[in-house]
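Undergrad: Sharing a sequence plus its predicted fold:
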Amino acid sequence: MKTYNIKPDMKEMSFGELSVVALGERGRGRWEEIIPCPLPERKLSTQPCWVHKESISSVVYKDGSVRKDPEGLQEDCDRCNPFDFENFLLEIGETRSGKPKLIKSTSSDGGWIARINTGKTYTRGTRGRASVFNPHSDNVKFLASGYGAFGQAGAIGKWNDYLIAVEQTPTVVRVAPSGGSHKSPRFWLVFLEDKVIKVSNEEVHIFLDQHPEIEDFTVVDQNEFKNKYTELKEKS
Ligand SMILES: [Zn+2]
């Protein structure tokens, strides 16, 4: 499967270091869900990054000529050899206790594995959320979620952080980042077969005109939104 916004971090666990996607945050009024996930391959470059360029060693020959050896190139430096997130393919696996984990793959078939993090800015009483356009709801499989917060125990706003699989396209997800629509404009994520497009409120009418194959997913008010969209969450 292809991936969208999956950027694993190294996390110190009680039993050692592990690469994971950590959804949400740890702490009071917060929930962190840890999904094991391998690191992507690196894009191998021949030039060291600007930091390691400083450490290039110079070899001076007898005739006075100088050769610069790119010894500064560090194999595991994220700038010398950055991770290749564009070609990062994964599949969904299961831990022994039945929780999702992400595993390496060589196939781009089967759709997208996507992380939708709605954390943006804070406003008391707001919560970042994402919702699926109802005609596409069968395309989306909820995998896991966590949430983070602003202020003590989340007193000034929260944000949801989702991991989903989008198994069919097109699929439209409405994202309402934390902070409320005045501070953090809502937008759509449109999952197509070979790319994911972030569509703003200003551009949506032009986008729809360019994509007559996609059903009109715009809404005029909150009531229509409630009828047309369903918040991402575990289906019970
Ligand atoms: Zn480097």
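TA: Received the coordinates, thanks.
Undergrad: Dump stretch 138-150 to PDB, keeping only the CA atoms.
TA: Only the C-alpha atoms of stretch 138-150 are listed here, as PDB (Å, rounded to 0.1, in the frame of the first residue of the first chain):
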ATOM      1  CA  ASP A 138     -16.900   1.900   3.000                       C
ATOM      2  CA  ASN A 139     -13.600   2.700   1.500                       C
ATOM      3  CA  VAL A 140     -12.100   3.600   4.800                       C
ATOM      4  CA  LYS A 141     -10.900   1.300   7.500                       C
ATOM      5  CA  PHE A 142     -10.200   2.800  10.900                       C
ATOM      6  CA  LEU A 143      -6.900   1.400  12.300                       C
ATOM      7  CA  ALA A 144      -6.100   3.400  15.500                       C
ATOM      8  CA  SER A 145      -6.200   6.900  17.000                       C
ATOM      9  CA  GLY A 146      -4.700   8.900  19.800                       C
ATOM     10  CA  TYR A 147      -5.200  12.500  20.900                       C
ATOM     11  CA  GLY A 148      -3.200  15.400  22.100                       C
ATOM     12  CA  ALA A 149      -4.100  18.600  23.900                       C
ATOM     13  CA  PHE A 150      -3.200  22.100  24.700                       C
END
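Undergrad: Counting neighbours, which bits of it end up buried?
TA: Buried residues in stretch 138-150, counting neighbours by 16 or more other CB atoms under 10 Å, are found at Asn139, Val140, Leu143, Ala144, Ser145, Gly146, Tyr147, Gly148, Ala149, Phe150. Glycine gets a C-beta too; all of them are placed from N, C-alpha and C.
Undergrad: what's the particular helix or strand that has the third one in it in contact with?
TA: For Leu143, the element it lies in under DSSP states H and E is strand 140-149. Around strand 140-149, the neighbours that count as contacts under CB atoms under 8 Å, 6 or more residues apart in numbering are 22-25, 27, 29-33, 35, 92, 99-100, 113, 119, 132, 155-167, 171, 173, 232-235.
Undergrad: Now a PyMOL select for only the buried ones of these.
TA: For the buried members of the contacts of strand 140-149, the matching PyMOL selection, counting by 16+ other CB under 10 Å, is:
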select buried, resi 22+23+24+25+30+31+32+33+35+92+100+113+119+132+156+157+158+159+160+161+162+163+164+165+166+167+171+173+232
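Undergrad: Quick check: which of the contacts of strand 140-149 are also close to the ion?
TA: With CB under 5 Å from the ion as the criterion, the contacts of strand 140-149 include none near the ion.
Undergrad: Can you list which of the contacts of strand 140-149 are found in strands?
TA: 22-24, 32-33, 35, 92, 100, 113, 132, 158-166, 171, 173 (DSSP state E).
Undergrad: Any stretches of the protein with poor pLDDT?
TA: 54-59, 67-71, 234-236 (pLDDT under 70).
Undergrad: What parts of it come near the ion?
TA: Cys49, His52, Gln74, Cys77, Arg79, Cys80.
Undergrad: from those, which would you call buried?
TA: Cys49, His52, Cys77, Cys80.
Undergrad: Tell me if I'm right that the second one and Gly72 touch.
TA: Yes - His52 is in contact with Gly72 according to CB atoms under 8 Å; the separation is 3.7 Å.
Undergrad: can you tell me how far the residue lying closest to Val60 once chain neighbours are set aside sits from the ion?
TA: Distances taken as CB to CB, 6 or more residues apart in numbering place Val66 nearest to Val60, at 5.4 Å, with adjacent residues excluded. Computed as CB to the ion, to the nearest Å, the Val66 to the ion distance reads 22 Å.
Undergrad: Ok, Gly148 next?
TA: Where the ion is concerned, Gly148 sits at a distance of 30 Å (CB to the ion).
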